[in-house]
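> Next input, structure requested:
(2 chains)
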Amino acid sequence: MEEPHPGQFYMLEVSKGMDPLLKRAFSLFRRTPEGFQILFRIKGKGTSILRDLREGTEITMLGPLGNGYPLPSDAQSPLVIAGGIGIASVFPLMEKISKKAFVFYGARTEQELFLTGELPKIYKELAVCTDDGSCGVKGTVVDVLNDFIRNRDGIHQPVIYACGPNVMLLEIAKTAAANGIKAYLSLEENMACGIGACLGCVVKTKTGYKRVCKEGPVFDAAEIVWQP
Amino acid sequence: MNLEVNIGGLKLKNPVMTASGTFGYGEEYGEFVDLNRLGAVVVKGLSLKPKEGNPPPRVVETASGMLNAIGLQNIGIERFIGEKLPFLRRFDTAVIVNFFGDSVDEYAEAAERLSGVDGIHGLEMNISCPNKQAGWCIFGTDPKVTERVVGAVRKKTALPLIVKLSPNVTDISLMAKVAMEAGADAVSLINTVTGMAIDIRTRRPRLANITGGLSGPAVKPIAVRMVYEVYRSLKIPIIGMGGIMNAGDAIEFLIAGASAVAVGTANFVNPRATTEIIDGIIDYMEKEGIGDIGSITGTVHAG
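Numbering: from 1, shown residues only, chains lettered A, B, ... in the order given. From the prediction side, this is the model:
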């Protein structure tokens, strides 16, 4: 098995039949001695099938695919931001840069925060927030991030890594631009092949459409042209 | 055992090719498939000038199929010849270039540019992409325009010329006949079936382009019926496609009347689909005692 890099993903077969037809993309969550794990939220048909798989079932997969997060240098201070299930994508990054990350983790409610018990081992500082205040600070991760940047002038060479819903990523891109901070965002788009052939999963950038599966999923926030 | 087929003067080592738009420019699949094994590689549709394509979302899965509205994004003929063709030349497989234009003149100019280029063995004219706005689709749906555009291309190329037909017409046999009389050496069918999907929560179309082309197993019976109809009405070589997922599907198209098949959406599901289908066809021939794959074309017992 090819060694995956944090931020890369796999295409997993969810059915041997014709419906669902296409493989589904999942971020690498955690490398284990035997293989790797994914972390997913049950959302539709494909994820429901995965949930119900019996232990020992064989499925085919492609990967690791995509570019992954560029790792921070020793001088940089990584600010890692996750929204909801976006934690799956940034988790291996946090593990890799062990205890260096300032982590901002938000969701709508406490029920949508995953593995808060696992995180203490791997962060430098952790801020948890929920839209409804059911866990941690009441507010969005972007609010918390903005406060952090305002109040912590001492942070040396901050660099942002984020994965979550598009609305969150757009706000992070604005914050990053306003503060002159480099930001790497992991994007999501409907995918068919996952290997750069179908041109289905594109995102608009300053240099034209780019494929999320091939040139991404991680993009420099300054490159993205946000669509209304 | 003979797997070779002849498609309007183009000799293929076996009847399995890739469907345009599902195999990139070949190199995307290089790590999964030995391209030498394929009957032909049909590359992503090209135009004289590069095209940016449609905004996302461009693809959405539907029951046993998918809708796409890529919008013919491509790097343009010049960059293809300079950057992508050298890779394909390394393989012992036929390279068929799919192309399109925005006018009869552009079609003719594109065909002329692609002819006489080392490493291009055949042309496939896309007159049927459903993802372009009104006006464009008449190349594949108005017989008079089809005749003009195919005739104009025929004058500019001596390469084997395949015309890819749209299923979004009342009588596909008529369109095939028009293409043949205007100079096509073969026809390929079907392109995708125009479709639409709506998010019932937001009430917005699931594709930014609103409509898109349906492909995959969901369209296969439509495609088989159309191949059968075209084969019955005129004896032009047919490349059958539409939802071929395995060797059985491919053989079904051959029996319906196709001389070769193209594998499309299956490449997205399984990047090795093409070579697995070739292996499956060989198995079938062994089991059924078929010496020549061409001998099963059009052998459906339909009274």
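> Mind listing residues that contact the helix-or-strand element of chain B with minimal mean pLDDT?
The helix or strand of chain B with the poorest confidence is helix B:138-141; it has a mean of 81 (mean pLDDT, DSSP states H and E). The contact list for helix B:138-141, computed with CB atoms under 8 Å, 6 or more residues apart in numbering or on different chains, reads B:107, B:127-128, B:145-146, B:149, B:165-166, B:168-169, B:175, B:191. C-beta here means a position set from N, CA and C on the backbone, and glycine is covered the same way.
> so which of those is the most crowded?
Neighbour counts for the contacts of helix B:138-141, by other CB atoms under 10 Å in any protein chain shown, peak at B:L165, which reaches 29 neighbours.
> Identify the bridge partners of the closest residue to that one other than its chain neighbours.
Nearest residue to B:L165 in three dimensions, chain neighbours excluded: B:L189, at 4.4 Å (CB to CB, 6 or more residues apart in numbering or on different chains). For B:L189, the beta-bridge partners are B:G240 (DSSP bridges).
> Show the contacting residues for B:L189.
So B:L189 contacts B:164-165, B:167, B:172, B:176, B:223, B:226-227, B:230, B:238-242 (CB under 8 Å, 6+ apart).
> Out of the residues you listed, flag the one nearest to chain A.
Proximity of the contacts of B:L189 to chain A was ranked by CB to the nearest CB; the top entry is B:G242 with 13.6 Å.
> dump the residue contacts of that closest one.
Counting by CB under 8 Å, 6+ apart, the residues that B:G242 touches are B:167, B:189-190, B:215, B:219-220, B:222-224, B:226, B:264.
> low pLDDT regions in chain A?
A:228 (pLDDT under 70).
> quick one: contacts of the longest helix anywhere in it?
Looking across chain A with DSSP state H, the single longest helix is helix A:166-179. With contact meaning CB under 8 Å, 6+ apart, helix A:166-179 is reached by A:81, A:83, A:86, A:106, A:140-142, A:145-146, A:149, A:160, A:162-163, A:181-183, A:185, A:187-188, A:221-222, A:224, A:226.
> Stretch A:128-142 now?
Identification of contacts with stretch A:128-142 by CB under 8 Å, 6+ apart yields A:81-83, A:104-113, A:116, A:127, A:143-144, A:164, A:168, A:171-172, A:175.
> OK, contacts around the closest residue to chain A within the stretch 201-303 of chain B?
Here the stretch 201-303 of chain B gets closest to chain A at one residue, B:F268, 4.1 Å apart by CB to the nearest CB. Under the criterion of CB under 8 Å, 6+ apart, the contact list for B:F268 reads A:22-23, A:192-193, A:197-198, B:22, B:66.
> Unless I misread the structure, it falls within a helix.
Yes - assessed by DSSP: H, G, I helix; E, B strand; the rest coil, B:F268 belongs to a helix.
> Could you check the pLDDT of it?
Here, the pLDDT recorded for B:F268 equals 97.
> how's chain A carved up into domains?
Annotated domains of chain A cover A:9-65, A:77-223 [automatic domain parsing].
> if you compare those domains, which one is most tucked away?
Among these, domain A:77-223 has the highest mean neighbour count (mean count of other CB atoms under 10 Å in any protein chain shown), at a mean of 19.
> what's the span of that one, first residue to last?
One end of domain A:77-223 to the other measures 21 Å (CA to CA, to the nearest Å).
> tell me how far that domain is from the chain's mean position?
Chain-centre distance of domain A:77-223: 6 Å, with CA atoms, centre = their mean, to the nearest Å.
> Skip the chain neighbours and tell me the closest residue to whatever residue of chain A ends up closest to chain B.
The nearest approach of chain A to chain B comes at A:G200, 3.4 Å away (CB to the nearest CB). What sits nearest to A:G200 in space, not counting adjacent residues and going by CB to CB, 6+ apart, is B:V59, at 3.4 Å.
> is the one you found in a bridge, and if so with what?
The partner residues for B:V59, given DSSP bridges, come to B:N68.
> Pick the one among the contacts of helix B:138-141 closest to B:D279.
B:N191 (27.0 Å; CB to CB).
> Pull the contacting residues for that closest one.
B:N191 neighbours (CB under 8 Å, 6+ apart): B:126, B:128-130, B:140, B:164-167, B:213.
> Kindly report the same for B:T297.
B:231, B:254-255, B:257-259.
> Okay, and which of the contacts of B:F268 map to strands?
In strands, judged by DSSP state E, the following of the contacts of B:F268 are found: B:M66.
> what's the neighbour count on the residue in the stretch 51-200 of chain B that chain A sits nearest to?
For the stretch 51-200 of chain B, the residue closest to chain A is B:V59, as judged by CB to the nearest CB, at 3.4 Å. Per other CB under 10 Å, the neighbour tally for B:V59 reads 26.
> List the contacts of it.
With contact taken as CB under 8 Å, 6+ apart, B:V59 is in contact with A:190-192, A:198, A:200-201, B:66-70, B:207, B:212.
> now the residues you listed as a markdown table including distance to B:G45?
Output for the contacts of B:V59, formatted as a markdown table (distance: CB to CB, whole Å):
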| residue | distance to B:G45 |
| --- | --- |
| A:N190 | 21 |
| A:M191 | 20 |
| A:A192 | 16 |
| A:C198 | 13 |
| A:G200 | 15 |
| A:C201 | 18 |
| B:M66 | 18 |
| B:L67 | 17 |
| B:N68 | 12 |
| B:A69 | 14 |
| B:I70 | 9 |
| B:L207 | 18 |
| B:G212 | 15 |
